[in-house]
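Asker: Give me a 3D structure for the following:
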Amino acid sequence: MDSAYQKFFKEHTGFPKFKSKHDHNYSYTTNLTNNNIKVLFHDNLVKLPKLGKVKAKLHREFKGKILFATVSKVPSGKYFVSFNVETENFNLPIIN
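Answerer: Below you'll find the predicted structure:
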C-alpha cells in the first residue's frame, strides 16, 4: 500500500484502486436439457453447453442423474464446477 501511494505522489500515475476479494464471485447455472451436461470420468472432461468439452480435475465419481451444474469463478481466477445430482439413498453400516 505504501508503494502505491509513493507512486501516486511521485509519478502522478493515478490514485490507487484497492480491489475487494469478497464481492467478485461470478457464477453461471445451467439446467440439464437433452443431456447437455455430461461428466466423462475416464477422460477427465466435463461437457457443458456453450463451452463444450473442458478439461477438469475430478475429485470423486458420482452415480445418478445430473439436475444442474453451476460454473463459478473465484477472485483468484480459478473456475469451479459443482453438480447437483439426484441419487438413491442407502444406509451406511453402524460401527460401534
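Asker: Residue ranges in this protein under the pLDDT threshold?
Answerer: Low-confidence segments of the chain, defined by pLDDT under 70: 13, 16-17, 19-24.
Asker: which residues sit in contact with the residue nearest the centre of the chain?
Answerer: In the chain, the residue lying closest to the centroid (CA atoms, centre = their mean) is residue 80, at 1.8 Å. Counting by CB atoms under 8 Å, 6 or more residues apart in numbering, residue 80 makes contact with 71-74. Just so you know, the C-beta spots here come from the backbone N, C-alpha and C atoms, and that holds for glycine as well.
Asker: That one: which element?
Answerer: Assigned by DSSP states H and E, residue 80 belongs to strand 79-86.
Asker: With just CA atoms, put that strand into PDB.
Answerer: Only the C-alpha atoms of strand 79-86 are listed here, as PDB (Å, rounded to 0.1, in the frame of the first residue of the first chain):
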ATOM      1  CA  TYR A  79     -13.000 -21.900 -12.200                       C
ATOM      2  CA  PHE A  80     -15.000 -24.500 -10.300                       C
ATOM      3  CA  VAL A  81     -18.000 -26.600 -11.400                       C
ATOM      4  CA  SER A  82     -20.400 -28.000  -8.900                       C
ATOM      5  CA  PHE A  83     -23.100 -30.500  -9.900                       C
ATOM      6  CA  ASN A  84     -26.500 -31.200  -8.200                       C
ATOM      7  CA  VAL A  85     -27.100 -34.900  -8.600                       C
ATOM      8  CA  GLU A  86     -30.100 -37.000  -7.700                       C
END
